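Asks: Predicted model, plus sequence, below.
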Amino acid sequence: MRNNIAKRAAAIGWPILVTALILLAWEISVRTLGIRSIILPPPSAVFAAMAERHDLLLTHLWPSLYLTVLGFGLSVVGGIFVAVLITYSAIVRKGFYPVIVVSQVIPKISIAPLFIVWFGTGTLSSLLLAFLVAFFPMTINASMGFESIDEDIHRMARTFMGSRWQIFWKIRMPNALPYIFGGMKISITLAIIGVIVSEFVASQEGIGYLIKLAGGLLDTPLMLAAITALSLSGLALYAIIAGVESWAVYWQPPSDAAGAGGG
């Protein structure tokens, strides 16, 4: 028990320590070299901007996070559903799997203007772009998990007259959970990117719009404050998924589960 607590403390403490050292070096370097705030403000100026303009940051952060979570949720449901079809249907696996792979070759920033033309500058285009970029890792990871079951266990279950539904819920799904959570960790970060890209292209709200606006006004502290708020929010969402994973995949160490899912 104490060893687990010590490991968790070390896992949290080291990133905090490294981040603190980077911020300290950044602060000292900017002040020593006399770099102008418009070029690179010190961390203290960024944190001051976050404190002074927290209302503005929260106002624009909420729609971005809302669309991110919604697009991520749709990608999880859609990705797992398509992964099941890929696992059980040879037609889907041979016909649609290559299409899914090819769709990921297209740069998503090039699709964003098309989505704006097709669906307008509202939230729908941002939601669909977030779903599109987050859908692929969920589908691939979930399908890998469903197909990676031990064949001996599968044959034994069939020998004992296990139905396809029973085999799925009692064998395939538990085996795929580490992969699914690995895909979720990737998808949540990509969903954020999808929303921000859409807000860069055409939007009147959102943290991406605020970053673009601050850049146009040459307000670098506000720009970095918005990026910091977005990063912290993304880190929080990632931590929530990791926490749920440690509870759901209790039989497997977190490092092993993450490694399997990332494959």
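Replies: Sure thing, it's come through. Numbering: from 1, shown residues only.
Asks: Low-confidence regions, the stretch 151-263 of the chain specifically.
Replies: Applying pLDDT under 70 to the stretch 151-263 of the chain flags residues 151-166, 251-263.
Asks: 50 instead?
Replies: Confidence mapping of the stretch 151-263 of the chain against pLDDT under 50 gives the ranges 255-263.
Asks: At which residues are the helices of it located?
Replies: Applying DSSP state H, counting those that start in this stretch to the stretch 151-263 of the chain gives helices spanning 151-159, 164-167, 173-201, 207-216, 220-248, 254-262.
Asks: helices and strands around the third one, which ones?
Replies: What that stands for is helix 173-201. helix 54-88, helix 108-119, helix 123-147, helix 207-216, helix 220-248, helix 254-262 (3 or more CB pairs under 8 Å, 6 or more residues apart in numbering; DSSP states H and E). Glycine gets a C-beta too; all of them are placed from N, C-alpha and C.
Asks: With the fourth one instead?
Replies: Contacts of helix 207-216 with other secondary structure elements, assessed using 3+ CB pairs under 8 Å, 6+ apart, are made with helix 54-88, helix 173-201, helix 220-248.
Asks: Check the helices of the stretch 151-263 of the chain for me and report the most buried one.
Replies: Mean neighbour count (mean count of other CB atoms under 10 Å) peaks for helix 173-201 among the helices of the stretch 151-263 of the chain, with a mean of 24.
Asks: any idea how far Glu245 lies from Trp26?
Replies: Noted for Glu245: a distance of 32 Å to Trp26, by CB to CB, to the nearest Å.
Asks: for Glu205, same thing?
Replies: Taking CB to CB as the measure, Glu205 falls 30 Å from Trp26.
Asks: what's near enough to touch Trp118?
Replies: Applying CB atoms under 8 Å, 6 or more residues apart in numbering, we find Trp118 in contact with Ser125.
Asks: So it versus Ser231, what's the distance?
Replies: Counting by CB to CB, the gap from Trp118 to Ser231 is 30 Å.
Asks: repeat for Leu129
Replies: Look at Leu129 and Ser231: by CB to CB, they are 20 Å apart.
Asks: do Ile193 as well
Replies: Remark: distance between Ile193 and Ser231 (CB to CB) = 12 Å.
Asks: care to break this protein down by domain?
Replies: Per automatic domain parsing, the structural domains of the chain span 1-35, 45-262.
Asks: quick one, phi psi at Gly122?
Replies: Phi and psi for Gly122, reported as degrees, to the nearest 10, are phi -80, psi -160.
Asks: Give the buried residues for stretch 15-25.
Replies: Buried residues in stretch 15-25, defined by neighbour count with 16 or more other CB atoms under 10 Å: none.
Asks: What average pLDDT does it get?
Replies: For stretch 15-25, the mean pLDDT works out to 87.
Asks: chain center to it: distance?
Replies: Here stretch 15-25 is found 24 Å from its chain centre; the criterion is CA atoms, centre = their mean, to the nearest Å.
Asks: Equivalent analysis for stretch 22-41, please.
Replies: Counting by CA atoms, centre = their mean, stretch 22-41 comes out at 30 Å from the chain centroid.
Asks: Report the backbone C-alpha coordinates of that stretch in CSV.
Replies: C-alpha atoms of stretch 22-41 as CSV (Å, rounded to 0.1, in the frame of the first residue of the first chain):
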residue,chain,number,x,y,z
ILE,A,22,11.1,25.1,-16.8
LEU,A,23,8.9,28.0,-15.7
LEU,A,24,11.7,29.3,-13.4
ALA,A,25,14.3,29.1,-16.2
TRP,A,26,11.8,30.8,-18.6
GLU,A,27,11.2,33.6,-16.1
ILE,A,28,14.9,34.2,-15.4
SER,A,29,15.8,34.0,-19.1
VAL,A,30,13.2,36.5,-20.2
ARG,A,31,14.1,39.0,-17.5
THR,A,32,17.8,38.6,-17.9
LEU,A,33,17.8,38.9,-21.7
GLY,A,34,15.3,41.8,-21.6
ILE,A,35,12.9,40.1,-24.0
ARG,A,36,9.9,42.3,-24.7
SER,A,37,6.5,41.0,-23.4
ILE,A,38,5.0,41.2,-26.9
ILE,A,39,7.6,38.6,-28.1
LEU,A,40,7.7,36.3,-25.0
PRO,A,41,6.2,37.4,-21.7
